[in-house]
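# Give me a model of this one.
(one chain, ligands or ions: 2)
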Amino acid sequence: MAIRTKVVERPKLNFWQRIYLSEVLRGIAITSRHFWKNTFFHAMHAIGLFKGIQAAVTILYPEHRRDMAKRSRTRHRLTKRADGSARCVACMMCETVCPARCITIVAEEHPDPTIEKRPASFDIDLGKCVYCGFCVEACPEDAIRMDTQIIDTAAYSRKAMVLDIRELLNPNPLYSQVPPPAEKN
Ligand code: SF4
Ligand code: SF4
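Ligands and ions are numbered 1, 2, ... in the order given. As a prediction, the model looks like this:
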């Protein structure tokens with residue numbers, strides 16, 4: 001079957017549109033309007049007036065964060081048993097189902113004879129993860145969850161984006177764990 005394509009002509013710009021001056025002035029006007037509006041309401045808030053009207057549309061991230069929906073898929077964590085060890089039984093279901101191939105588990109025998117295996121190591125490469133949640137759905141032990149409410153994935157190196165079992169059992173934002181690179185003179 002022949003594929004029909006529709007060619008859309010680029011609209012011709014007039015002189016004022018070609019020099020962009022009117023658009024630049026319009027942008028400055030919009031920015032100025034927001035600036036003076038926020039300045040006015042911040043000043044009013046300082047003296048106790050107009051408290052019900054929000055003064056700025058931004059928040060001081062990362063010190064302040066918006067509340068996230070409880071069901072949001074955020075950074076992974078491994079759940080623990082009563083003794084603090086990982087609930088994971090190293091069945092490899094999550095590693096097998098992961099479409100990004102970013103989970104790497106090495107299994108070992110569990111000292112408790114009623115539990116077959118446990119993870120000797122459990123790594124998730126956040127640089128490859130697509131946050132699909134398949135690993136959580138596939139787990140038969142409720143041993144992995146994505147409910148930490150941590151959304152920071154920035155790090156100073158690719159290596160630092162790989163979470164090991166220690167980090168998965170005690171999740172913290174990456175930037176608090178990795179020191180920044182040394183300043184160059
Ligand atoms: S969320 Fe998806 S891509 Fe990320 S580790 Fe789990 S299964 Fe893999
Ligand atoms: S599916 Fe659950 S129990 Fe199995 S290896 Fe993954 S986290 Fe561990």
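# Now the element after the helix or strand containing Cys135, going C-ward?
If you go by DSSP states H and E, Cys135 is part of helix 134-138. Next helix or strand after helix 134-138 toward the C-terminus (DSSP H and E): strand 144-145.
# for that next one, what is the average pLDDT?
In this model, strand 144-145 carries a mean pLDDT of 98.
# for that strand, packing partners?
For strand 144-145, the elements it packs on are strand 77-78, helix 134-138, judged by 3 or more CB pairs under 8 Å, 6 or more residues apart in numbering; DSSP states H and E. (Each C-beta comes from the backbone N, C-alpha and C, glycine too.)
# check which helix or strand covers the nearest residue to Met92 once chain neighbours are set aside.
Nearest-residue entry for Met92: Ile105, 6.1 Å, with adjacent residues in sequence omitted and distances by CB to CB, 6 or more residues apart in numbering. Taking DSSP H and E as the criterion, Ile105 maps to strand 103-109.
# what does Leu25 give?
Counting by DSSP H and E, the element that carries Leu25 is helix 21-46.
# show me what contacts the residue nearest to Met92?
Applying CB atoms under 8 Å, 6 or more residues apart in numbering to Ile105 gives the contacts Cys88, Ala90, Met92, Cys94, Glu95, Pro119, Ser121, Phe122, Asp123.
# How about it: which residues does it bridge to?
Phe122 (DSSP bridges).
# Model confidence score at it, please.
On pLDDT, Ile105 comes in at 98.
# distance of it from ligand 2?
Distance of Ile105 to ligand 2, given as CB to the nearest ligand atom, to the nearest Å: 5 Å.
# Next: Phe134.
10 Å.
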